[in-house]
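A.B. asks: Provided below for reference: sequence and predicted model.
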Amino acid sequence: MRKLLATTALAAVALMALSGCSTRTDTTGGSTAAAGFPADSVIGVALPSKTSENWVLAGGLFEDGLKTAGFKGDVQYAGASTTVKDQQDQISAMVTNGAKVIIIGAADGGQLGTQVKAAKDAGATVIAYDRLILNTPDVDYYVAYDNFKVGELQGQALLDGLKSRKAAGPYNIELFSGSSDDANSAVFFNGAMSVLQPKIDDGTLVVASGQTDIKQTATAGWKAENAQSRMDSLLTSTYGDKALDGVLSPNDTLARAIITSVKAAGKPIPVVTGQDSEVESVKSIMAGEQYSTINKDTRLLVAQAIKMAQALQKGEAVDVNDTKSYDNGVKIVPAYLLPPVIVTKANAAEAYANDPKLAPLTK
Ligand code: BGC
């Protein structure tokens, strides 16, 4: 099994971390802080550009959460056009400013080696947030929703949606994946293909364009316009007189772009998957257009990352629940993975019951 959760030892570590949280101020300057760092230290948070709503939410939640925890938060976003360079410079500045922990949502997971090495050399701890940082020994922890599971849920949702509309195949589908500079993209795609490939092999699913390689399905920069223009081309090249039954979309922004393209071509909307529970997509799902999304509550992910920083501050063990899934090319990065939840119109009210922003949309 990929997932090996909650052994007794891990549960004990989790309890220690939890109880530690509530007594954090008591340990300031005390003996347990000796192995950690001062309670009002700078914690850097380097986020990519705002390619989806989850990143927008994360910034505000980090600002508030780090402040409440007593830290000095330094939260930065990379710009839209000079993303990689911006993020590299921001991380370097955090190191110079003495950040004790640097939490990074990588703009390009393969291009931060120099900056995270500098962070480690300066004594900071590096936490990869949501997206893994690749090909470097200098990333200490990873905190994310279980990305492979996200893909599996998307693949299964596509199959379920197709069956709900037409009892038996073959079904014509197309595949989209995320940006190739985001380590998550391949993990989402592989998770989805673990469900879809056997159905392609047995003829239930037909990728009518023949484009099944991740290089062909990728969406540069996770940009809506790139998905929309690829869908436009596929419709023209392949679906002149053929029905398009379903589309694997890796996230909500791209799902809506795909739906826009199909509508503009005057075709019926196929079963389209998504991810992130963006407001516009939840509305679309309730209106019967987009078929599914994934709930990866950003509040919980940010809280978990801050909990890691708090454990480090106190010199305590950081809570992880997966020590074998995330090989970054150089090492297996110890991870804390949260469980993603599939959402369709059928379970939206239940899935978002605790989310004051989304719950009203499901009424
Ligand atoms: C995140 C997704 C998001 C995508 C585009 C991925 O790394 O895991 O939630 O939709 O980036 O921003």
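C.D. replies: Arrived safely. Predicted model, so just to flag it, every value in this text is computed and none were measured.
A.B. asks: Phi first, then psi, for the most centrally placed residue in the chain.
C.D. replies: Closest to where the C-alpha atoms of the chain average out (C-alpha atoms, centre = their mean) is Asp130, at 4.7 Å. Per-residue torsions, Asp130: phi 70, psi -50 (degrees, to the nearest 10).
A.B. asks: Tell me which stretches of the stretch 101-250 of the chain form helices.
C.D. replies: 113-121, 147-165, 183-201, 214-217, 224-238 (DSSP state H, counting those that start in this stretch).
A.B. asks: nearest to the ligand, of those?
C.D. replies: helix 183-201 (3.9 Å; C-beta to the nearest ligand atom). All C-beta atoms are positioned from the backbone trio N, CA, C, and that covers glycine.
A.B. asks: Now the closest one: buried residues?
C.D. replies: Buried residues in helix 183-201, counted by 16 or more other C-beta atoms under 10 Å: 183-193, 195-196, 199-200.
A.B. asks: Tell me the helices and strands packed up against that helix.
C.D. replies: helix 147-165, strand 171-175, strand 205-207, helix 214-217 (3 or more C-beta pairs under 8 Å, 6 or more residues apart in numbering; DSSP states H and E).
A.B. asks: now the closest residue to Ser229 other than its chain neighbours: how far from the ligand?
C.D. replies: In space, and not counting its chain neighbours, Ser229 is closest to Ser261: 7.9 Å by C-beta to C-beta, 6 or more residues apart in numbering. Separation of Ser261 from the ligand (C-beta to the nearest ligand atom, to the nearest Å) stands at 18 Å.
A.B. asks: tell me which element Ser261 falls in.
C.D. replies: Assigned by DSSP states H and E, Ser261 belongs to helix 252-264.
A.B. asks: about what we covered before: now do the same contact list for the residue nearest to Ser229.
C.D. replies: By C-beta atoms under 8 Å, 6 or more residues apart in numbering, Ser261 lies in contact with 227-229, 231-232, 235.
A.B. asks: Apply 6 Å and report the result again.
C.D. replies: 228, 231-232 (C-beta atoms under 6 Å, 6 or more residues apart in numbering).
A.B. asks: among those, who's most crowded?
C.D. replies: Met231 (26 neighbours; other C-beta atoms under 10 Å).
A.B. asks: what residues are up against that residue?
C.D. replies: Counting by C-beta under 6 Å, 6+ apart, Met231 has contacts 258, 261.
A.B. asks: what's the most buried one of the helices and strands packed on helix 183-201?
C.D. replies: The highest mean neighbour count among the helices and strands packed on helix 183-201, using mean count of other C-beta atoms under 10 Å, belongs to strand 171-175: a mean of 24.
A.B. asks: Just the C-alphas of that strand, formatted as CSV.
C.D. replies: Provided in CSV are the C-alpha atoms of strand 171-175 (Å, rounded to 0.1, in the frame of the first residue of the first chain):
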residue,chain,number,x,y,z
TYR,A,171,-16.8,6.5,-24.9
ASN,A,172,-14.8,9.2,-26.7
ILE,A,173,-12.6,11.1,-24.3
GLU,A,174,-9.6,13.5,-24.3
LEU,A,175,-6.9,14.0,-21.7
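A.B. asks: could you give the mean pLDDT of that strand?
C.D. replies: The average pLDDT within strand 171-175 is 98.
A.B. asks: Neighbouring strands - and their directions - for that strand?
C.D. replies: In the sheet, strand 171-175 lines up against strand 205-207 (parallel), strand 246-248 (parallel) (DSSP bridges).
A.B. asks: wait, does the last one contact the ligand?
C.D. replies: No: among the residues of strand 246-248, none lie within reach of the ligand under C-beta under 6 Å from any ligand atom; the closest is 14.0 Å away.
A.B. asks: any residues touching that strand, and which ones?
C.D. replies: By C-beta under 6 Å, 6+ apart, strand 246-248 touches 158, 162, 171, 173-175, 192, 258, 270-273.
A.B. asks: quick one: contacts for the closest residue to the ligand within the stretch 251-363 of the chain?
C.D. replies: Distance from the ligand to each residue of the stretch 251-363 of the chain (C-beta to the nearest ligand atom) is smallest for Asn251, at 3.5 Å. Counting by C-beta under 6 Å, 6+ apart, Asn251 touches 52, 274-276.
A.B. asks: check contacts around the residue nearest to the centre of the chain.
C.D. replies: 105, 144.
A.B. asks: Can you give the domain ranges for the protein?
C.D. replies: Here the domain parsing of the chain from automatic domain parsing is 7-139+297-338, 147-296+344-362.
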